[in-house]
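# please find the sequence and the predicted model below.
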Amino acid sequence: MVRFILFVVLAVVLVAVAYVFSQNPDWTGSFEVMGYRLSVHLGFLFFGLLIAFWLFGWLYFAVRRTLAMPAEIAKNARISRQNRGYKALTHGLVALAAGDPDEADKQARRANKLLETTPATLLLTAQAAQLNGDEEAALQYFEDMSKNEDTAFLGLRGLIMQALARGDRKEVRQLLERARKIQPNAPWILETDYELSLQTGELEGAQKAVKRLASRRLLSSVDARSRLALTETDLAFQAAEKGAWRQAADHAHRATKEEPKLIPARSLDARANLELGNLRKAKAQAVEAWRIRPTAGVATTYLRACKPIDIAGKRTAIMELIQANPNALFSQYLRAESAIESGDLAIARDAVQDLPETSASVGVNALKLRLEAMEAGGEDRSPTPLDGHSLPHEPQVCSNCGTEHSRWRAVCTECGSSGTVGLPTRAA
């Protein structure tokens, strides 16, 4: 738009000048050149000068373009080389994602040849070496990157991943400290710090990492509460193993506030209150735990908190407990067992018959034998204590590797995965 306006203004000026000269034909200029005297109308002289300037401009443009041509050619060649290099880099990253080691290595070498050394090409080369199984070469690349100010952070991350794969937690700690000095709030640093703290049993450190992630909105509030509940529950179990029931109760209570349906925390909260003599709280927590997922430990805690003095009192306590989850398998089992121990044959037969045939693993066959013995001899030959039962104690199993644990843990001691240890998934 500006150029158009300037063109219009220039055209108007030239037309005006031409008009002025045409109205004054006596305006002439005289020149003497090599003994010749020349008289020229000023209009022709003016337009001659314009043409001379125009020709000079074109000549200047042509000379300038000619002199700049080598630089332009070099620039175009450099741009073309960069484009081919970035294309190779892109193909290499795609090959990495697809798990094609040969193609990734080929594109990495091509990118290094076409591009100057950049963080992206160094990272591609190192990861291509890893994908090819050449951990030593990858280690060397990552170490070289860690010594360069521009690529130090990427290099340290690669070294940390390798140290984690080797299980060298001490090395991971040292490398994390170096990476934290460069970018202290990087999400993967906080995530690695959380996982490492869990695996090494530094649960307070894991909690700090979770809180930092949540404060920077790198972790949703739901995930943050779930992770805090895991750490609090593990701390509760550690305190319980030492007999520190007050600490166990406090940690378990905080865990249930963060994650109300975490059955290990709820069950341990009930047990800790029982040990502390808080029978009302113990029964309340046991009922809530039974509502979520019935377990043998919860049933034991509830019966001990009720302190039945006879079979009738025990049966009443059991009936109160199973009302929280009447259709669960363990509830049906306790109903049948309490009927057998009370000598109520009719209800015992119906209760045993209601138990699913596929539940023999939890002792249904044993209940049937007890019922048959009572029908034949008039008494239960294998009664349980007033504060006991015959429910099986289910193992805590890692859903990732299948390892059984003697107690619930936040981290599997076999595979190192977090949040995977729990009760079997079938309904009890």
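Received it, and whenever you're ready, just let me know what you need.
# so what's residue 314 up against?
303, 306, 308, 338, 341, 386, 387 (CB atoms under 8 Å, 6 or more residues apart in numbering). Bear in mind the C-beta positions are built from the backbone N, C-alpha and C, glycine included.
# buried ones among those?
Taking 16 or more other CB atoms under 10 Å as the criterion, what is buried in these is 303, 306, 308, 338, 341, 386, 387.
# tell me which helix or strand the first one sits in.
Residue 303 is part of helix 296-306 when elements are defined by DSSP states H and E.
# quick one: mean pLDDT over the helix or strand hosting residue 222.
Assigned by DSSP H and E, residue 222 belongs to helix 221-241. Per-region confidence: helix 221-241 scores 91 on mean pLDDT.
# following that helix in sequence, what is the next regular element?
helix 245-258.
# can you pull the buried residues of that next one?
Neighbour-count burial for helix 245-258, counted by 16+ other CB under 10 Å, picks out 245, 247, 248, 249, 250, 251, 252, 253, 254, 255, 256, 258.
# contacting residues for the third one?
Translated: residue 248. Counting by CB under 8 Å, 6+ apart, residue 248 touches 236, 237, 239, 240, 268, 271, 272.
# now the helices for the stretch 301-428 of the chain?
Per DSSP state H, counting those that start in this stretch, the stretch 301-428 of the chain carries helices over the ranges 311-322, 329-342, 345-354, 364-377.
# how far is stretch 208-216 from where the chain is centred?
Offset of stretch 208-216 from its chain centre (CA atoms, centre = their mean, to the nearest Å): 13 Å.
# CA atoms only: put that stretch into CSV for me.
This file holds the C-alpha atoms of stretch 208-216, laid out as CSV (Å, rounded to 0.1, in the frame of the first residue of the first chain):
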residue,chain,number,x,y,z
LYS,A,208,8.3,-34.3,49.9
ALA,A,209,8.7,-35.1,46.2
VAL,A,210,5.0,-35.7,45.9
LYS,A,211,4.2,-32.4,47.5
ARG,A,212,6.6,-30.6,45.2
LEU,A,213,5.0,-32.2,42.2
ALA,A,214,1.5,-31.2,43.4
SER,A,215,2.5,-27.7,44.3
ARG,A,216,3.8,-27.1,40.7
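# contact partners of that stretch?
Stretch 208-216 is contacted by residues 185, 187, 190-191, 193-194, 197, 219, 221, 224, 227-228, 231 when judged by CB under 8 Å, 6+ apart.
# list the buried residues in it.
Buried residues in stretch 208-216, counted by 16+ other CB under 10 Å: 209, 210, 212, 213, 214.
# and if you look at stretch 299-314?
299, 300, 301, 302, 303, 304, 305, 306, 308, 314.
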